[in-house]
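J.: Generate coordinates for the sequence data below:
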Amino acid sequence: MWRKSSHSGSEGGGHCVELARIGNAVGVRDSKDPNGPKLVVTPQDLKAALKAAQT
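T.: Numbering: from 1, shown residues only. Got it, this is the predicted structure:
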């Protein structure tokens, strides 16, 4: 099941990503293009990327 951030709100502006558990990995996709490409990463890699983006 794909989930959008609660911070995106109902209007969202079309600039949102969605996440989903895919086996032991996490899928990331553009909410505007649900049939488009998906990035699949490990939970650890996603956590590291989010931490790096905060700095």
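J.: who touches the lowest-mean-pLDDT helix or strand in the chain?
T.: Using mean pLDDT, DSSP states H and E, the weakest-scoring helix or strand in the chain turns out to be strand 3-4, at a mean of 90. Applying C-beta atoms under 8 Å, 6 or more residues apart in numbering, the contact partners of strand 3-4 are 12, 16, 17, 18, 19, 20, 31. From N, CA and C alone the C-beta is placed, and that goes for glycine too.
J.: Check stretch 38-52 too.
T.: 19, 22, 24, 25, 26, 27, 28, 29.
J.: Identify those among the residues you listed that sit within strands.
T.: 19, 22, 25, 26, 27, 28, 29 (DSSP state E).
J.: so where's the chain uncertain?
T.: Scanning the chain with the threshold set as pLDDT under 70 gives 8-14.
J.: could you redo the last one with a cut-off of 90?
T.: The model of the chain has pLDDT under 90 over residues 4-17, 31-32, 34, 55.
J.: returning to what we had before: pick out the most distant pair among the contacts of stretch 38-52.
T.: The span of those, defined through C-beta to C-beta, is set by 24 and 29 at 17.8 Å.
J.: The two: which has the busier surroundings?
T.: residue 29 (19 against 7; other C-beta atoms under 10 Å).
J.: The nearest residue to that one once chain neighbours are set aside: how many residues sit nearby?
T.: Leaving aside its sequence neighbours, residue 29 sits nearest to residue 38 (C-beta to C-beta, 6 or more residues apart in numbering; 4.6 Å). The number of residues packed near residue 38 is 15, by other C-beta under 10 Å.
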